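Chemist: The following comprises the amino acid sequence and a computationally predicted model.
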Amino acid sequence: MSEWEPNILAFACNWCSYAGADLAGVSRFQYPATVKILRVMCSSRVEPSFILKALKDGADGVLVAGCHIGDCHYIDGNKNAEVRINNTKKALEKLGLDKRLRLEWISASEGLRFSEVIKDFTEEIRKLGENPVKEVKGNE
Amino acid sequence: MDCYQCGKCTSICPMRRVSKTSPRRSIYNSSVYGLDSDDIWTCLTCGLCPQGCPQKVDFLSFIQDERQGKEPLDVAHLGVFTEFAELSSKLDGSKPEKSDSKYGYFPGCVDNLGLFLHDVKTDFGEITTSSLKLLDKLGIKPQVMNMKCCGHDVLWQGKKDVFDRLKDHNKKYIKESGIDTLITSCAECYRTFSKDYDLGIKVIHTSELLDKLGLKIDADVTYHDPCRLGRHMGVYDAPRAALAGNGVRVTEMEHSKDNALCCGVSNFMNCNEQTKALRIIRMDEAAATGAKTLITTCPKCLAHFNCLKNEKEPVKNYELDVVDLNVFLSRQLEEK
């Protein structure tokens, strides 16, 4: 079997972070192939249950990326996201998984920052090691 | 099954007041046709219908069995509590700390309720601190059990495999901790540990201990029986004694004790217009007693009543405070 590589799920908001990822692509900024990007309309679209489900199903890390505070396309969506993600983090602390969740603000012009964030997060996850959830037999 | 389809269950079903659900039909469809009807999911598992049943059909077990392995019709809060329980069931979990105390206190998932239901504007964590304060006052110094979720919600949502994993871990934890009495402040945990776990140790709800506090409280309250504590476990008098024993005057609602209406949501399912209507009926009954405080002993009932009360655009303005029994008594303890 090949060596373990981190498996990161990134929720990127349509208006800033997804465009940021796009810019990273067209500018040819290199970043590791450990991330799977999922476009959402706003960072506050990301429900705590999405994050928990991702971790439950074996994602090693979950990144939620949105516009900088004050720049939200929906005025204060990212503020709501911040409250939500911080609460989810607190809940995950009890399970020892809180370091596997990260919230970042990446604007549409920050292609370089996007690649930096992914590199940094990948390194952090690499240090933490594999997601400790156990495979269970059954219909899940 | 001994059901002879008299329909008495449907006539007393609280959900029937507000929707077309039918306990009778759910038994008929599954035992005659083997059909899965929505009725098994709209059921609140409040336990009212078996009381009227002439054939003593165990409707709760029927629903619990019937739901296993099926996809729930509607889970509230996008299933965040279910996901959390499933996630924790797949992790190793903690080991008990060394302690000589023979009592264990399990706070349940109140911390998570506080984190994920922040718009309900209720301090759920206060239930834990209050219970510990009250236990301290009674001279009980319990170990705080840092277990996984008791699994109540996943069990009633038809996820027996998840429940079994949680149960195995918790049973091992309890055994290693060496306690002989498990105290909980949550009606759902109380039911699950007593009926679904076969622990072999004593399980008590905090309300069963509080009548000897010796407080003198001057207040008028009314008490809502949570289905898990009342009809599932038959604990009706202990919370009332805990209030009356401390000088509180309890006014009963129109439906109380074994007739009590449901708060509308159990095991985080069916949060919709119909169950909201039930909640309004119940809050109206509480308001009609003239009491200033509605006391309950289940964190979920607390969440649902407070959700109705603190909505952004409330249906009605209720003057009532909805408070957990432990929190209510502990606040008076501080005032003294």
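Modeler: Looks like it came in fine. Numbers count the residues shown, from 1 in each chain, chains lettered A, B, ... in the order given.
Chemist: Residue in the stretch 201-336 of chain B with the shortest distance to chain A?
Modeler: Using Cβ to the nearest Cβ, the single residue of the stretch 201-336 of chain B nearest to chain A is B:F268, 11.1 Å away. (C-beta placed from N, C-alpha, C; glycine too.)
Chemist: what's the closest non-adjacent residue to that residue?
Modeler: Beyond its immediate neighbours in the sequence, the residue positioned closest to B:F268 (Cβ to Cβ, 6 or more residues apart in numbering or on different chains) is B:A76, lying 4.7 Å away.
Chemist: What is the burial count for the one you found?
Modeler: A count of nearby residues for B:A76, using other Cβ atoms under 10 Å in any protein chain shown, gives 18.
Chemist: Repeat that for the one 10 residues further on.
Modeler: By other Cβ under 10 Å, 24 other residues sit near B:E86.
Chemist: shaky segments in the chain?
Modeler: All of this refers to chain A. Under the criterion of pLDDT under 70, the regions of chain A flagged as low confidence span A:1, A:137-140.
Chemist: I was after chain B.
Modeler: B:336.
Chemist: Just after the lengthiest helix in it, pick out the following helix or strand.
Modeler: Taking DSSP state H as the criterion, chain B has its longest helix at helix B:160-177. Taking DSSP states H and E as the definition, the helix or strand that follows helix B:160-177 towards the C-terminus is strand B:181-184.
Chemist: quick one: the helix or strand following that following strand to chain centroid distance?
Modeler: Next in sequence after strand B:181-184, counting helices and strands by DSSP H and E, comes helix B:187-191. In terms of Cα atoms, centre = their mean, to the nearest Å, the centre of helix B:187-191 is set 6 Å apart from its chain centre.
Chemist: Convert the C-alpha atoms of helix B:187-191 to CSV, please.
Modeler: Included here for helix B:187-191 are C-alpha records, laid out as CSV according to Å, rounded to 0.1, in the frame of the first residue of the first chain:
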residue,chain,number,x,y,z
ALA,B,187,-34.6,12.5,31.7
GLU,B,188,-33.5,10.8,28.4
CYS,B,189,-30.2,9.6,29.8
TYR,B,190,-32.1,8.3,32.8
ARG,B,191,-34.4,6.3,30.6
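Chemist: circling back to that earlier point, buried ones in the longest helix of chain B?
Modeler: B:160-163, B:165-167, B:169-171, B:173-174, B:177 (16 or more other Cβ atoms under 10 Å in any protein chain shown).
Chemist: same thing with stretch B:278-297?
Modeler: Of the residues in stretch B:278-297, B:278-283, B:285-287, B:289, B:291, B:293-297 count as buried by neighbour count, 16+ other Cβ under 10 Å.
Chemist: Could you report the neighbour count for the residue of the stretch 201-336 of chain B closest to chain A?
Modeler: Other residues within reach of B:F268 by the criterion other Cβ under 10 Å amount to 23.
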